[in-house]
Structure formats: C-alpha cells, structure tokens
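K.L.:
predicted model and sequence below, questions to follow.
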Amino acid sequence: MAGLIKREDIDEVRQRTDIKEVVDGYVTLKGAGLGTFKGLCPFHDERSPSFTVRPQVGRYHCFGCGEDGDVISFVQKLDHTTFHEAVEKLAARIGFELHYEDGGTGPNREDVGKRQRLLDAHKVADEFFREQLLTPGAAEGRNFLYGRGFDRAASEQFGVGYAPQGWDSLLKHLRGRGFKDPELKLTGMFSAGGPGNQQRIYDRFRGRLIWPIRDIAGDTIGFGARKLYEDDQGPKYLNTPETTLYKKSQVLYGIDLAKRSIAKDRQLVVVEGYTDVMACHLSGIPTAVATCGTAFGTEHIKIARRLLSDDGSGGEVIFTFDGDAAGQKAALRAFEEDQRFVAQTYVAVEPGGADPCELRQSKGDSAVRDLIASRRPLFEFAIRATLKRHN
C-alpha cells in the first residue's frame, strides 16, 4: 500500500528537477536577463507575457494572475494531478527512486493516477498501430499514403499507423499488456455493446489509417482514423470521442511538432486535416496545425497566443480555408474571434479549391509554400465573403 512520500525525497525531487525543462513543455519561454525566463501564463489568458521562471531558485511566478510555486505545484496544476502523483511523475522523469513513510511503497501499475494510466494505454496503442502499418495486412494503408506523396520516412515522422480489420486486435494487445476492461473503456479507443452482451467492448478503429493526436508536451491523448475500404459503412474520418484526456476544443493536431517553429517564426498556419499538416511540414511550412473536426475556437486561440509569445509586437495566424461556401462560413466564424488576437490574421485560399495535400501532390512543395505566401488579411476575405452572400 502506498504511503506518504518521505519529506527528504520530495525535497530531492524538487532540487534535482530543472523547472525550465518542465515548463518548456507547456509554455514558450524566452530569456529575460539575470537567469530569468518569460512567457505567456498558462494559468490565465493574457496578451503580454507576465509569467516568469527562475531556474536558479526553482520557482515560477505570474505577475498578472499571481500564480506562484515550484515545479511540483506547476505539474500538479497543469496536469490536474494530486501532489502525490506530481512528485511521482517528476521522480520518474529524473529516474529517482522514492521512499515512503510507515513502510509504504510506491504505486504499482494498477495504482498509478488515472491520467497517467490513460496516457500509458495510449502510448502502447500508438506503438501498436505504427507496428501494424508495416504488416502485409496494411498494404491498402501504405498505398493510400504513397498515393498522396508520403513515404515511409514521412509516416514515421508523424507516427502514422494502421488499425487491423479485426474486432479485437488492439483490445487483445492492451489486455496482454496488463490493462483491464474498466480502464480501457475510459480511453475512447473502444466501443461497447452488441447482440446479447451490452458489456462487451471491441476496437473502435478497424481497417483504418491512424494518426496519433498529441498534446503540446508530446503525449498521445487520442487518435484520428481514416477509412480505407469501400465496405466500411462508417464516416470517412473517425476521431476519439471526448475523454478525460481528449477535449477536441482544446486540441490542435501537430502542435507537438510545430510548437518550436511557431515560436521561432512567429507564425501559425491552420489547415483542415491530418494529411494537410503533413504536406505543409514536408513542404517547408513547419508551423502548420489542424483542428480535430471542430472550428478554431477560444481555447485554440489561447494555445496559439501562448506559442506566438503574443506581446503586441507581431506574429501571424494564417487560415487555409476552402473557397467554397463552407470555407467562407469558417472564415466568418474565425473573423468573429479576430479581436482576441494581437497577431495579424490572414487567409490563404487556393483558386482551384485544392487543399495543401492535393496541392503538394499535383504541383509540388513549392506550390504549398506559394499558397501560404499568397495570404491576404482575414478581414478582407470576410468582407468579400459577406458581400458575395448578399449579391
């Protein structure tokens, strides 16, 4: 049974952990002199960075909202864990063995915090899907990727995988790794029910290409799946449903790969789908991300502003809407949120209606770069779209 962690071990974990390295997984930090780093506060919405980190004393402080603490409280608040779980997570990060009071021991695999347990399941599933893409049964998936200009290296870069056509391939794999059905039901990777057995669970993703959806720290929190076979009666794209980990209004696909380029180039490109993100990155636009089947909303804007270090000195957000009615509607919706940005907002529309993936496939990498370079102010696009609707 787990007991209280010894005080000296807590102090040791706090001292040994580099708070800047931990915070870097959530906030874009820039040097502010005298060993201090500064960025947009992850605890409240702000336009000018007032969140500071001082590695030499192991503390963070926000002069805007007053949040203050050490590396343990930072992880506790950002990952929504208990103090106990935060210490254990940081100890695991630095490879430190904890000791407990009253002869207690650390949690075994069954006792770890719910969030970490879900992350573990997603990590194992992610590895499983990627391995399956290399099997003979995934030929259709590989052909789909090759046909769109994505070779094996590209697939590996973005972690693309394949879900076998069987009903319980992933289920058996995760059970074999020690996961129990009650916790698997919480992952969103399985559906429940069936004739004569409402408690039965089976793979949600079957016979589909799989893209891992990761949070800004790089942890897999969900999956996006594209159907491959004509006899599949399901939707073209199927995502993880809302779970404890996966909140689509707060997720941007590709943010883990794009975050540093976004901060460096002070640019965020918003595209529609997974293959569009891949096409942009491979074409020299590493700042591209995609929403996961939802509009670019308030929570997405908060993520964008933090990464852009939006302090009033510039930065740009470029939307790649289609030129059709749906694209115009999306542009108007984005324009409604425009005042929330300090960064300049633009829209890039390919005259023929091609998305970045199609454009790269037909005209090459330079065409994708040219598309982004041809951006025009979002307000101009929105005004033209509004006038067109009333003519």
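P.N.:
Done, it's in. Residues are numbered from 1 along each chain as shown.
K.L.:
how about the helices in the stretch 51-200 of the chain?
P.N.:
Secondary structure of the stretch 51-200 of the chain (DSSP state H, counting those that start in this stretch): helices at 71-78, 83-94, 114-132, 139-147, 152-158, 169-176, 181-184.
K.L.:
show me what the second one is packed against.
P.N.:
This points to helix 83-94. helix 7-16, helix 71-78, helix 114-132 (3 or more Cβ pairs under 8 Å, 6 or more residues apart in numbering; DSSP states H and E). C-beta here means a position set from N, CA and C on the backbone, and glycine is covered the same way.
K.L.:
same thing with the longest one?
P.N.:
Here helix 114-132 touches helix 83-94, strand 161-163, helix 169-176, helix 181-184, strand 208-214, strand 220-227, going by 3+ Cβ pairs under 8 Å, 6+ apart.
K.L.:
between those, which gets the lowest average pLDDT?
P.N.:
Note on those: lowest mean pLDDT is at helix 83-94, with a mean of 87.
K.L.:
buried set for that helix?
P.N.:
His84, Glu85, Ala86, Val87, Glu88, Lys89, Leu90, Ala91, Arg93 (16 or more other Cβ atoms under 10 Å).
K.L.:
alpha carbons of that helix, as CSV, please.
P.N.:
C-alpha atoms of helix 83-94 as CSV (Å, rounded to 0.1, in the frame of the first residue of the first chain):
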residue,chain,number,x,y,z
PHE,A,83,0.6,16.5,-5.0
HIS,A,84,1.5,12.8,-4.5
GLU,A,85,1.1,12.0,-8.2
ALA,A,86,3.0,15.1,-9.3
VAL,A,87,6.0,14.1,-7.2
GLU,A,88,5.9,10.5,-8.6
LYS,A,89,5.7,11.8,-12.1
LEU,A,90,8.7,14.1,-11.7
ALA,A,91,10.7,11.4,-9.9
ALA,A,92,10.1,9.0,-12.8
ARG,A,93,11.2,11.8,-15.2
ILE,A,94,14.6,12.0,-13.5
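K.L.:
after the least confident helix or strand in the chain by mean pLDDT comes which helix or strand?
P.N.:
Lowest by mean pLDDT, DSSP states H and E among the helices and strands of the chain is helix 325-336, with a mean of 65. Along the chain past helix 325-336, the next helix or strand (assigned with DSSP states H and E) turns out to be strand 344-347.
K.L.:
distance to Thr36 and mean pLDDT added to the helices and strands packed on helix 83-94, as CSV?
P.N.:
Shown next, in CSV, are these (distance: least, Cβ to Cβ, whole Å; pLDDT from 0 to 100):
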stretch, distance to Thr36, mean pLDDT
helix 7-16, 19, 95
helix 71-78, 16, 90
helix 114-132, 30, 94
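K.L.:
give me every residue that touches Ile285.
P.N.:
Val269, Pro356, Val368, Arg369, Ile372 (Cβ atoms under 8 Å, 6 or more residues apart in numbering).
K.L.:
in helices, which of the residues you listed fall?
P.N.:
Pro356, Val368, Arg369, Ile372 (DSSP state H).
K.L.:
for the second one, give its distance to Lys185.
P.N.:
Between Val368 and Lys185 the distance, using Cβ to Cβ, to the nearest Å, works out to 41 Å.
K.L.:
repeat that for the first one.
P.N.:
Taken as Cβ to Cβ, the spacing of Pro356 relative to Lys185 amounts to 36 Å.
K.L.:
quick one: which of the two has more around it?
P.N.:
Taking neighbours as other Cβ atoms under 10 Å, Pro356 and Lys185 compare with Pro356 leading, 29 against 14.
K.L.:
check contacts around the more buried one.
P.N.:
Listed by Cβ under 8 Å, 6+ apart, the contact set of Pro356 reads Val271, Asp276, Ala279, Cys280, Ser283, Ile285, Ala288, Thr320, Val368, Leu371.
K.L.:
spatially, which two of those are the most separated?
P.N.:
Farthest apart among these by Cβ to Cβ are Ser283 and Thr320. That separation is 12.3 Å.
K.L.:
who has more neighbours out of those two?
P.N.:
When Ser283 and Thr320 are compared for neighbours, Thr320 comes out ahead with 26 against 23, by other Cβ under 10 Å.
K.L.:
report pLDDT for Pro195.
P.N.:
What the model reports for Pro195 is a pLDDT of 57.
K.L.:
contact partners for the residue nearest to Ile10 when sequence neighbours are not counted?
P.N.:
Setting aside the residues directly before and after it, Ile10 is nearest to Val87 in space (Cβ to Cβ, 6 or more residues apart in numbering), at 5.7 Å. By Cβ under 8 Å, 6+ apart, the contact set of Val87 is Ile5, Asp9, Ile10, Val13, Ile72, Leu98.
K.L.:
Gly188 now?
P.N.:
The neighbours of Gly188, taking Cβ under 8 Å, 6+ apart as the test, are Arg204, Gly222, Thr240, Pro241, Glu242, Thr243, Tyr246.
K.L.:
just the buried ones from the residues you listed, in ChimeraX syntax?
P.N.:
Selecting only the buried entries of these in ChimeraX, with 16+ other Cβ under 10 Å as the criterion:
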select :204,222,240,246
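K.L.:
rebuild the contacts of Gly188 as JSON lines, extending it with distance to Trp167 and secondary structure.
P.N.:
Shown next, in JSON lines, are these (distance: Cβ to Cβ, whole Å; DSSP: H, G, I helix; E, B strand; the rest coil):
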{"residue": "Arg204", "distance to Trp167": "10", "secondary structure": "coil"}
{"residue": "Gly222", "distance to Trp167": "20", "secondary structure": "strand"}
{"residue": "Thr240", "distance to Trp167": "18", "secondary structure": "coil"}
{"residue": "Pro241", "distance to Trp167": "18", "secondary structure": "coil"}
{"residue": "Glu242", "distance to Trp167": "23", "secondary structure": "coil"}
{"residue": "Thr243", "distance to Trp167": "21", "secondary structure": "coil"}
{"residue": "Tyr246", "distance to Trp167": "22", "secondary structure": "coil"}
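K.L.:
out of the contacts of Gly188, which one sits closest to Lys264?
P.N.:
Gly222 (26.8 Å).
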